[in-house]
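Q: Below: sequence and its predicted model.
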Amino acid sequence: MARYTGPKTKISRIFGEPILGNAKYLTKNSNPPGQHGAARKRKSLGEYALQLKEKQKAKYTYGVLERQFRKTFEEAARIKGVTGENLIKLLEARLDNTVYRLGLTASRPEARQLVSHKHITVNGEIVNVPSYQLKAGDIIGYAPKSVNNSSVLSKVRGKNPKFSWIDWNETEKKGTFIAYPERESVPENIKEQLIVELYSK
């Protein structure tokens, strides 16, 4: 299963923000990567470069490679509504992202691993596909073998109350994907309109 396995801090330094989670090392060295770092004279980015950078940021943020990202964009374009907002909604509705949003892991890569290793169920059925698209009303929970697994439960960080489109029942250890989120509710700093313009060329 393909995924990015390179240095996370380097990617964060490219964009100047902790898009892959931990910002500890970014605060120590926020210069762009490269031999000369901040001393290098950098030209202002052109239109295409800005659009490409925004697409790369979205891909790294959600852990999606090019082919799958393109398919998600095409699906977003088919859905009624604003394409850019639809793209963010579809990315947020991925199972691995929702596991992360529910606070069951500290990062999206951890959530992807939890799903891939068959620790997560959707509506009572084990689903091991991180890109699985959730629908309104879907119930996310732990697999029977994992509900009391200390190593799995140790990853729990708790749900952020700002994420109103999902709900977590601590007693039953089950979450609900209530609805697709509105764009203004998603905290990721992504200019999705630039991505739409890039793919529209």
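A: Looks like it came in fine.

Q: May I see the buried residues of stretch 126-136?
A: Neighbour counts over stretch 126-136 (16 or more other Cβ atoms under 10 Å) mark 127, 130-132, 134 as buried. Just so you know, the C-beta spots here come from the backbone N, C-alpha and C atoms, and that holds for glycine as well.

Q: could those go into JSON lines alongside secondary structure and pLDDT?
A: JSON lines is the format used below for the buried residues of stretch 126-136 (DSSP: H, G, I helix; E, B strand; the rest coil; pLDDT from 0 to 100):
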{"residue": "Val127", "secondary structure": "coil", "pLDDT": "97"}
{"residue": "Pro130", "secondary structure": "coil", "pLDDT": "96"}
{"residue": "Ser131", "secondary structure": "coil", "pLDDT": "95"}
{"residue": "Tyr132", "secondary structure": "coil", "pLDDT": "97"}
{"residue": "Leu134", "secondary structure": "coil", "pLDDT": "97"}
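
Q: Out of the residues you listed, which comes closest to Glu85?
A: Leu134 (17.1 Å; Cβ to Cβ).

Q: Tell me what the closest residue to the closest one other than its chain neighbours is bridged to.
A: Leaving aside its chain neighbours, Leu134 sits nearest to Phe177 (4.3 Å; criterion: Cβ to Cβ, 6 or more residues apart in numbering). For Phe177, the beta-bridge partners under DSSP bridges are Asp138, Ile166.

Q: Phe177 is in contact with Trp165, isn't it?
A: Yes: using Cβ atoms under 8 Å, Phe177 is in contact with Trp165, at 7.3 Å.

Q: Where in this structure is the helix or strand with the lowest mean pLDDT?
A: Lowest by mean pLDDT, DSSP states H and E among the helices and strands of the chain is helix 24-28, with a mean of 57.

Q: ok, and what's touching the helix or strand just after it?
A: Per DSSP states H and E, the first helix or strand lying C-terminal to helix 24-28 is helix 47-62. Here helix 47-62 makes contact (Cβ atoms under 8 Å, 6 or more residues apart in numbering) with 4, 11, 15, 19-20, 45, 64-66, 69, 87, 91, 94, 97, 108, 188, 190-192, 194-195, 197-198.
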